[in-house]
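Asks: This is a predicted model, with the sequence first.
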Amino acid sequence: MGIKMKKLALVAAMSGLVTMAFQHASADGILISSSDFNSYLKDAKAGDVFTVFPGNYFLTSTVQLKGNGTLRKPITLKPVKPGTVKIFVPKTVGFKVTGKNWIIEGFDIKGFCKTDSDCEHAFHIVGNADDIIIRNNTLTEFNAAIKANGDGKGASTQFPDRVRIENNTIYNSSPRNTNRSVTPIDVVGGKHWRVKNNFIADFAKTAGNKISYGAFLKGNSSSGLFDQNLIICEWRHTGGIRLGLSFGGGGTGQQYCERQNCAMEHSRGVIRSNIILNCPADVGVYLNKSANTKLINNTILNTAGVDVRFPTSSAGFAGNIIEGRIKDRDNGVHQDFGNLVAKDLSDLFPGAENFDLTANNIAALKYLPTKYVGLDYCTGKKQTRWHGAMQQPITCDIRQRLQTIIDKEKQSR
């Protein structure tokens, strides 16, 4: 064990001694005060609220979230106070979620492994783990920070449904030295996933095929939504082949798809009001065997554009700003319902290189309403008058969001 790891282990041990490492009731429920989360959570039941005492925690084993909550009485895991708990994960998986109806929120979770290949997931959501909410967390130094897939055999395999991934910050400080999949949100199978208002950036790998994605839903999944996310393929480091959002990803082996049927990787998906930036080596959105897809009011800059690929892929585009092109590949098809698509939009967005998305001519962004309704990235309110993710004139500045992340990093050092 290196000096740095020994220091962190000592910090984690001392944090558990601030209060006695036992379980007792508090005003917010059951207080967790040691790194042995499993000793507290093993008997979790519907309605339980577990709050974690402020400090640094160094996990000694994967935390198993097996108990089942209900829609009315979920099981909640959160810090006593948001932003006061940092969890170091020296394992392949930090939290394995197999129970239903959990809410996990407010943590700073960091992979801390000897090699990048060892730190796979902050959260692994498996099998019939339906109605999970993961929100307001910062997840760094993982290959696939949030991973989901089925559990079981053959056509009876169960997949997580109705999972919500909201308001999380996910990135890596450097490209991952691994040939494993590097995709911050990597979901195989499942229905009605909602990936909303997350910041996802700097996902890359230096080994294997060097291809990585910001997030994808695949494996015969359906009715997924990517909504109001900020995706920056290259934020503070560059290199590799980075794609933004995808239904289908790079495809799925038949044995891993829902009902073992991969004729469609995804169906009835919606990509709406996202900002996708700086994927210079490939597309901002990749549709791979993605049927009946809608792309509504997205802003996609400094990427190759969008690919609609293979005969089972079909998509309707409405109100998007796309620098690059929309390309139907290998018999994929799309319909255009009014989009602003150009090879070069640097004159319209002169500050985009520095993350300033102020348009120098907002009249050029006016949009004739269609049956497709977008949202304003800044406020979440419906908008039908403007191309892109932001209603004009814009009411938020993504540079402030980026600066907040940087400031938080400095404070936690």
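Replies: Ah, there it is.
Asks: low-scoring stretches of the stretch 51-200 of the chain, by residue?
Replies: Filtered on pLDDT under 70, the stretch 51-200 of the chain yields no residues whatsoever.
Asks: what are the bridge partners for the closest residue to residue 345 other than its chain neighbours, then?
Replies: Spatial nearest neighbour of residue 345, excluding adjacent residues (CB to CB, 6 or more residues apart in numbering): residue 323 at 4.3 Å. Backbone N, C-alpha and C define where each C-beta goes, glycine included. In this entry, residue 323 is beta-bridged to residue 342, by DSSP bridges.
Asks: now do residue 272
Replies: Counting by DSSP bridges, residue 272 is bridged to residue 227, residue 296.
Asks: Could you shift the numbering so residue one becomes 116, and keep it that way?
Replies: Done: numbering now begins at 116, and the last item shifts to residue 387.
Asks: thinking again about what came up before, close enough to count as contact, the residue nearest to residue 460 and residue 419?
Replies: No - if you go by CB atoms under 8 Å, residue 438 and residue 419 don't touch, sitting 9.1 Å apart.
Asks: the more surrounded of these two?
Replies: Using other CB atoms under 10 Å as the criterion, residue 438 and residue 419 rank with residue 438 on top: 23 against 20.
Asks: ok so, going back, OK, contacts around the residue nearest to residue 460?
Replies: Shown in contact with residue 438 (CB atoms under 8 Å, 6 or more residues apart in numbering): 415, 416, 417, 418, 420, 457, 458, 459, 460.
Asks: Contact partners for the closest residue to the fourth one other than its chain neighbours?
Replies: The shortest distance from residue 418 to any residue other than its chain neighbours is 3.6 Å, reached at residue 399 (CB to CB, 6+ apart). The contact partners of residue 399, by CB under 8 Å, 6+ apart, come to 346, 348, 358-360, 391-392, 415-416, 418-421, 437, 439.
Asks: now swap in residue 301 and tell me
Replies: Residue 301 neighbours (CB under 8 Å, 6+ apart): 259, 261, 262, 263, 328, 330, 331, 364.
Asks: try residue 156
Replies: 147, 165, 178, 179, 180, 182, 192.
Asks: surely the second one meets residue 147?
Replies: Pointing back at residue 165 there. Yes - here residue 165 reaches residue 147: they are 5.7 Å apart, a contact under CB under 8 Å.
Asks: Tell me which of those two has more neighbours.
Replies: residue 147 (25 against 20).
Asks: give me the beta-bridge partners of that one?
Replies: residue 167.
Asks: Can you tell me how far it is from residue 255?
Replies: Applying CB to CB, to the nearest Å, the value for residue 147 to residue 255 is 22 Å.
Asks: where do the helices sit along the stretch 166-315 of the chain?
Replies: Assigned by DSSP state H, counting those that start in this stretch, the stretch 166-315 of the chain shows no helices.
Asks: Look up how far residue 411 lies from residue 486.
Replies: Between residue 486 and residue 411 the computed distance is 10 Å (CB to CB).
Asks: If you count neighbours, what's buried in the one helix or strand residue 154 maps to?
Replies: Residue 154 belongs to helix 152-156 when elements are defined using DSSP states H and E. For helix 152-156, a neighbour-count test (16 or more other CB atoms under 10 Å) marks 152, 155, 156 as buried.
Asks: As CSV, those residues with pLDDT and distance to residue 518 would be great.
Replies: Output for those, formatted as CSV (pLDDT from 0 to 100; distance: CB to CB, whole Å):
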residue, pLDDT, distance to residue 518
152, 97, 32
155, 97, 36
156, 97, 35
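Asks: any idea which of the residues you listed is closest to residue 204?
Replies: Proximity of the buried residues of helix 152-156 to residue 204 (CB to CB) peaks at residue 152, which lies at 11.3 Å.
Asks: Now that closest one. Nearest residue, chain neighbours left out?
Replies: Among residues not flanking residue 152 along the chain, residue 178 sits closest, at 4.4 Å (CB to CB, 6+ apart).
Asks: Just give me the neighbour total for that neighbour.
Replies: 24.
Asks: got it, and the one 10 residues further on?
Replies: Residue 188 is surrounded by 13 other residues when neighbours are defined as other CB under 10 Å.
Asks: Please apply the same query to residue 265.
Replies: That count, for residue 265 with other CB under 10 Å as the rule, works out to 23.
Asks: That one touches residue 276, doesn't it?
Replies: No - taking contacts as CB under 8 Å, residue 265 lies outside contact range of residue 276: 10.9 Å.
Asks: I'd like the next helix or strand past the strand or helix carrying residue 443.
Replies: Per DSSP H and E: residue 443 is located in strand 440-444. Downstream of strand 440-444, the next assigned helix or strand under DSSP H and E is strand 448-451.
Asks: Run me through the strand neighbours of that following strand, direction for each.
Replies: Sheet partners by DSSP bridges: for strand 448-451, these are strand 429-433 (parallel).
Asks: which phi and psi does the residue nearest to residue 145 when sequence neighbours are not counted have?
Replies: In this structure, residue 145 finds its nearest non-sequential neighbour in residue 165, 5.0 Å apart by CB to CB, 6+ apart. According to degrees, to the nearest 10, the main-chain angles of residue 165 amount to phi -100, psi 120.
Asks: Can you give me every residue that contacts residue 165?
Replies: For residue 165, the contact set (CB under 8 Å, 6+ apart) comprises 144, 145, 146, 147, 155, 156, 159, 190, 191, 192, 193.
Asks: Just flag the most distant two among those.
Replies: Of all pairs drawn from these, the greatest distance, 15.1 Å, lies between 146 and 190 (CB to CB).
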